[in-house]
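> Predicted model and sequence below, questions to follow.
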Amino acid sequence: MTLKGGCIVAQSGGPTPVINNSLYGVIEDAWNRKEITGLYGALYGVTGILQEQLIDLRREDLATLKGLRYTPGAALGSCRHRLKAEEYPRLLEIFKKLNIRYFFYIGGNDSMDTVDKVRRLAREEGYEMRVVGIPKTIDNDLPATDHCPGYGSAAKYIAGVVRETGLDLKGMLSTNRVTILEAMGRNTGWLAAAAVLAKTSPEDPPHLVYLPERPFETEKFLSDVREVYREFGFAYVVVSEGLKDPTGNYIVAEETQDAFGHRQLGNGLAAYLKKLVESYLPVKARYIVPSTLQRSSMLYASGTDVEEAYLVGKEAVRLACRGLSGIMVTLEREKGEEYICRVGYVDVAQVANKEKGVPLEWIAPGNNFLAKEFIEYARPLIQGEVKVPFAGGLPHYVNLERYVPAVERIREK
């Protein structure tokens, strides 16, 4: 039996260069479906639903909507809000009041937990609705999927930056002979690992890559840098922000925590390692912290990533209209030399609050580089480019008009 009612799509967590492609995939597939009586976007994730800040996506200009395919950032606005136990009933109350029967949430680990809990609560309350998670994270740490939309573009950015700044380091005659780049990655090193894609010869950067999947030992790190410097006359190091010592403590982390209880990272590790190197070797070092640049550059976006992000958005609507709920859309790679990837799905409970790290066997002996298995895995994900329109010499991106409908009008549909 066809389930008829409104649809809400929302974005959560850190944006990616391709997150809006998933949004467009949802919009495009839901646009003409008769069972979806209203197509709404929640402003700033679940907080927009709780505050009933919804926009009517069917009132947006079609050219603007298509422009989402080359626009980075979260077009609807995102959030890092951990729903409290008392907020879930409020969320369901709003869904009921507005006759929302379809909810699509684009996000990572914590967002999939929200999908799972909303699905369970709706079932317990006897309210029929379809709740589907759409994967998104540059961290690439969601289990049950080969890789995550957003990762390929961020990986391409990191590899590109390492290649370009590596040439800067190699070609400049100065006392600055060591560069340390700090990539995002709290507990997993997928982004830092991507730096090895820049390497085409032994002399090329990066020379050393350290991931949180393996304990970081300061003395070995300094010895590694010294050996590379002796061999090439310069050294390029890439580290994940979440490096931990052999006791499991972060090398550098702030005491403050985010809404999900995560300690704040990305502010000090590279600077700390720079000082270590300068105290150990007779050279100057510099550090690079790309921070949010890693998740913002559409100019470095992967064509493969763009297309797959779009496909998981479309597939989410198709699956929901087939009657599925409490699932996350996945990407499934076929075996073989040619890269072929298809969409699938998995029970969201298998993903919620879980992480997938870089396989230990993909980390080279010495724990300071990656094995060929990682390169074979990651190389296809960065293929292809995106044609971004320019105006006045700069990228020309789009913004939604964000037409906010009256709640009463939504209830009438």
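Yes, it's here.
> beta partners of Phe390?
Pro395 (DSSP bridges).
> That one touches His396, doesn't it?
Yes - judged on Cβ atoms under 8 Å, Phe390 makes contact with His396 at a distance of 6.0 Å. The way it works is simple: take the backbone N, C-alpha and C, and place the C-beta from them, glycine included.
> Would you map the helices across the stretch 151-300 of the chain?
Applying DSSP state H, counting those that start in this stretch to the stretch 151-300 of the chain gives helices spanning 151-171, 190-193, 218-232, 269-280.
> thinking again about what came up before, so between Phe390 and His396, which is more surrounded?
His396 (12 against 9; other Cβ atoms under 10 Å).
> my guess is that one meets Thr71, correct?
No - His396 is beyond contact range of Thr71, at 9.2 Å (criterion: Cβ under 8 Å).
> Now do stretch 388-395: distance from first to last residue.
Distance across stretch 388-395, first residue to last, is 6 Å (Cα to Cα, to the nearest Å).
> distance between it and the chain's centre?
Stretch 388-395 has its C-alpha centroid displaced from the chain centroid by 25 Å (Cα atoms, centre = their mean, to the nearest Å).
> related to what we said a few turns ago, out of the helices of the stretch 151-300 of the chain, nearest to Pro17?
When these are compared by Cβ to Cβ, helix 151-171 sits nearest Pro17, at 4.2 Å.
> Give me the buried positions along the closest one.
151-163, 165-166, 169-170 (16 or more other Cβ atoms under 10 Å).
> Quick one: list the elements packing against it.
With contacts defined as 3 or more Cβ pairs under 8 Å, 6 or more residues apart in numbering; DSSP states H and E, helix 151-171 has these neighbours: strand 176-183, helix 190-193, strand 235-240, helix 303-321.
> Now distance to Pro359, mean pLDDT and mean neighbour count too, for the ones you listed, in a markdown table please.
Converted to a markdown table, the helices and strands packed on helix 151-171 look like this (distance: least, Cβ to Cβ, whole Å; pLDDT from 0 to 100; neighbours: other Cβ atoms under 10 Å):
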| stretch | distance to Pro359 | mean pLDDT | mean neighbour count |
| --- | --- | --- | --- |
| strand 176-183 | 18 | 95 | 24 |
| helix 190-193 | 11 | 98 | 29 |
| strand 235-240 | 15 | 98 | 28 |
| helix 303-321 | 21 | 98 | 23 |
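> Mind putting those into JSON lines with distance to Ala285?
Listed next are those as JSON lines, based on distance: least, Cβ to Cβ, whole Å:
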{"stretch": "strand 176-183", "distance to Ala285": "4"}
{"stretch": "helix 190-193", "distance to Ala285": "17"}
{"stretch": "strand 235-240", "distance to Ala285": "9"}
{"stretch": "helix 303-321", "distance to Ala285": "32"}
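> Minimum distance to Lys4: which of those has it?
helix 303-321 (10.7 Å).
> How about residues contacting the helix or strand just after the closest one?
Following helix 303-321 in sequence order, the next helix or strand is strand 327-333 (DSSP states H and E). Around strand 327-333, the neighbours that count as contacts under Cβ atoms under 8 Å, 6 or more residues apart in numbering are 112, 115, 132-135, 142, 144-149, 308, 312, 315-316, 319, 339-348, 351.
> What strands line up against strand 327-333, and which way round?
Strand 327-333 has the following strand partners under DSSP bridges: strand 130-135 (parallel), strand 341-347 (antiparallel).
> Tell me which of these sits nearest to Asp56.
Within the strands paired with strand 327-333, the stretch nearest Asp56 is strand 130-135; the backing value is 20.2 Å (Cβ to Cβ).
> Show me what the mean pLDDT comes to for that closest one.
Mean pLDDT, strand 130-135: 98.
> pull the CA atoms of it into PDB?
Taking C-alpha atoms only, strand 130-135 is exported to PDB below (Å, rounded to 0.1, in the frame of the first residue of the first chain):
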ATOM      1  CA  ARG A 130      10.000   5.800   6.300                       C
ATOM      2  CA  VAL A 131      13.300   7.000   7.800                       C
ATOM      3  CA  VAL A 132      16.400   6.600   5.700                       C
ATOM      4  CA  GLY A 133      20.000   7.600   6.300                       C
ATOM      5  CA  ILE A 134      22.200   9.000   3.500                       C
ATOM      6  CA  PRO A 135      25.900   8.600   4.200                       C
END
